[in-house]
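Need the 3D shape of this:
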Amino acid sequence: MNLKKFSMIGAVITALLSTMCCLPAFLFLLFGISSAYLSFLTTLDVIRIPFAIFSVFLLGLAIYKNKNCKDGCSINSMQLSKVFISILVLLVAFLLFYPEILPYFIG
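Sure thing, here's the model as predicted:
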């Protein structure tokens, strides 16, 4: 696996990991359930910032590697990579900021 693919996959995984502290609230809201058995995940709030920084770093690395394609990339593959990276940017932005944005949609 080359570095560009690794950084794109890593950005999504670390964005998911950074939101583990807020996952119970999101799941409860999404499925309409109320339970306290996932409340232990709120202790993971301290790792949210490092994982968010690492996710943004990996996303930036993917964008940098896509711009500096020196491996004989074709025009079609570069355009497809731009589409995937654009989707990943939106997905990572949602995953990183949904705990702050969610109250505006609810109330």
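
most residues in a single helix of the protein, which one?
Looking across the chain with DSSP state H, the single longest helix is helix 75-106.

residues of it that come out buried?
Within helix 75-106, the residues that count as buried by 16 or more other Cβ atoms under 10 Å are Ser81, Ile85, Leu88, Val92, Leu95, Leu96, Pro99. From N, CA and C alone the C-beta is placed, and that goes for glycine too.

tell me which of those is nearest to Leu61?
Closest approach to Leu61 among the buried residues of helix 75-106 (Cβ to Cβ): Ile85, at 10.9 Å.

By mean pLDDT, point me to the weakest helix or strand of this protein.
Lowest mean confidence among the helices and strands of the chain (mean pLDDT, DSSP states H and E): helix 23-31, at a mean of 65.

so what secondary structure elements neighbour the helix or strand just after it?
As assigned by DSSP states H and E, the chain's next helix or strand after helix 23-31 is helix 48-67. Applying 3 or more Cβ pairs under 8 Å, 6 or more residues apart in numbering; DSSP states H and E, one finds that helix 48-67 makes contact with helix 3-18, helix 75-106.

If I average pLDDT within each of the ones you listed, which one is lowest?
Mean pLDDT per stretch puts helix 3-18 lowest among the helices and strands packed on helix 48-67, at a mean of 77.

ok, and what's touching that one?
Applying Cβ atoms under 8 Å, 6 or more residues apart in numbering, the external contacts of helix 3-18 come out as 47-52, 54-56, 58-59, 61-62, 65-66, 81, 84-85, 88, 91-92, 95-96.
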